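*Asks:* Return atomic coordinates for the entry below.
(one chain, ligands or ions: 1)
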Amino acid sequence: MTKDGSKFEQLSDCGKPLWVVAELTYKCPLKCPWCTNPLDFDDYDNELSTDDWLRAFRQARDLGAMQLGFSGGEPMVRKDLEILVEEADKMGFYTNLITSGMGVTEERLIKLKEAGLKQIQLSFQHSDKDKNDLMVGAVSYEKKIEVLKMIKRHNFPMVLNVPISRLNIDAVEDLIDLCEEHGIEFLELANIQYYAWALLNRDGLLPTKQQLEIAEEKVERARERLGNKVQIFFVIPDYYDGRPKPCMNGWGSIHLSIAPDGAALPCHEAKVIPGIEYPSVKDHDLDWIWNESPAFNEFRGDEWMKEPCGSCEDKKKDFGGCRCQAYLLSGDARNADPACSKSEHFDVIQSAIENAKITSGYRNPIVMRAKGALSTKLSELG
Ligand code: FES
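*Replies:* Purely as a prediction, here's the structure:
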């Protein structure tokens, strides 16, 4: 810990990409309207080859990376997933799979186990079959239940990840019951972060403060009842916190994402910030990318900060919040994250909250993630 009690500064000092996420593909059979993939995901069709990925993993490991997440889109779409996991395991990575469950079969799960996969994060949406399928735009509930049982049967440590929005926040008790019924030990109720498709659909997804408080009470009651039987993580949305989140533990601090086309990114949303050229692992060594590239140095340290962040006593704890959210909501990535009550753009957050308060049910038509579905550009959202 640092003198002021910040655990984050200590981590930033290590200067290694400890946590690497390989976004293997943007392809996905689901159409989740809160997807974190870029709005223009259908413009990408040049995915890295198996050899490109393995070269990048080796370079990341040489840099000191320890954890490697396989994500997407839906990573099971990649037919070489088992090879990638096996080679990454041999390199010494702790590997985990972040999946919707679609494309998981018993045969592939056994191969992944043999390949050395250490942990699986399965996404889930609703305890009600029809609502679940409606939310993701595809028949998937029964498949997810089947996969959940399969993962348990093969003794993978598993986290059930439920992205929380107003579409399912009233069902947290039923979701907890579902975990208890199936012996799931870790449940992450993760309030959606509003980027990409989630920002596009924010009016239809942001829960009200009252919904959030009721859900928190239910979670507290369940924690008392269940103890360690089901460990529940409830991630509060920064919109209701008044404080910005220390996004990615600071830009270029411990996190490295690699997009399907090979672009190396300090976070999965970084491409939304204009004027930064993100180097590709096809053209550059990760050592140079991490240590030397302008993109990864753009928001390191605090010299880039404007006021009020520059003189804020919390700047080494929260790093001014999220650069991508600062750009998306204020038009300048150097501004304080508008989720911070000290930001001059805090009113943007407040009006989103006000809007959520007067919105009931499924007021706005929600744009499902799909090729060609985009009719509104983020720049038009204001
Ligand atoms: Fe990019 Fe927060 S998501 S810095």
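
*Asks:* F319 contacts K245, doesn't it?
*Replies:* No. Using C-beta atoms under 8 Å, F319 makes no contact with K245, being 9.4 Å away. (Each C-beta comes from the backbone N, C-alpha and C, glycine too.)

*Asks:* give the contact list for G15.
*Replies:* G15 makes no contacts at all, as judged by C-beta atoms under 8 Å, 6 or more residues apart in numbering.

*Asks:* and the gap between it and W290?
*Replies:* Look at G15 and W290: by C-beta to C-beta, to the nearest Å, they are 8 Å apart.

*Asks:* coming back round to it: just want to know which of F319 and K245 has more residues nearby.
*Replies:* More crowded of F319 and K245, by other C-beta atoms under 10 Å: F319, with 28 against 20.

*Asks:* Contacts only, for that one.
*Replies:* Contacts for F319 (C-beta under 8 Å, 6+ apart) come out as 8, 246-247, 249-251, 253, 299, 302.

*Asks:* Setting aside sequence neighbours, what's the nearest residue to K111?
*Replies:* Of all residues not flanking K111 in the chain, E82 sits nearest, at 4.6 Å (C-beta to C-beta, 6 or more residues apart in numbering).

*Asks:* So what's the residue count around that neighbour?
*Replies:* With other C-beta under 10 Å as criterion, E82 counts 18.

*Asks:* quick one: it is in a strand?
*Replies:* No. With DSSP: H, G, I helix; E, B strand; the rest coil as the criterion, E82 is assigned helix and is not in a strand.

*Asks:* so it sits right up against I110, yeah?
*Replies:* No. Using C-beta under 8 Å, E82 is not in contact with I110, being 9.8 Å away.

*Asks:* Walking through the stretch 51-200 of the chain, point out its strands one by one.
*Replies:* Along the stretch 51-200 of the chain, the stretches classed as strands by DSSP state E, counting those that start in this stretch are 67-71, 94-99, 119-123, 158-164, 186-191.

*Asks:* Adjacent strands (with direction) for the fourth one?
*Replies:* Think strand 158-164. Each strand paired with strand 158-164, and its direction, by DSSP bridges: strand 119-123 (parallel), strand 186-191 (parallel).

*Asks:* residues making contact with the longest one?
*Replies:* If you take C-beta under 8 Å, 6+ apart as the criterion, strand 186-191 is touched by 121, 157-165, 172, 175-176, 179, 207, 212, 215, 219, 230-237.

*Asks:* The first one too?
*Replies:* Counting contacts by C-beta under 8 Å, 6+ apart, the residues outside strand 119-123 that touch it are 94-101, 144, 147-148, 151, 156-163, 188.

*Asks:* Report the distance from it to the chain centre.
*Replies:* Centroid separation for strand 119-123 versus its chain: 13 Å, with C-alpha atoms, centre = their mean, to the nearest Å.

*Asks:* what's the model's confidence in that strand, averaged?
*Replies:* Strand 119-123 carries an average pLDDT of 98.

*Asks:* just the last one next, same as before
*Replies:* Mean pLDDT, computed over strand 186-191, is 96.

*Asks:* tell me how far that strand is from the chain's mean position?
*Replies:* Distance of strand 186-191 from its chain centroid, counting by C-alpha atoms, centre = their mean, is 12 Å.

*Asks:* Tell me how far the closest residue to V85 other than its chain neighbours lies from the ligand.
*Replies:* Spatial nearest neighbour of V85, chain neighbours left out: A115 (4.2 Å); criterion: C-beta to C-beta, 6+ apart. Here A115 is placed at a distance of 30 Å from the ligand (C-beta to the nearest ligand atom, to the nearest Å).
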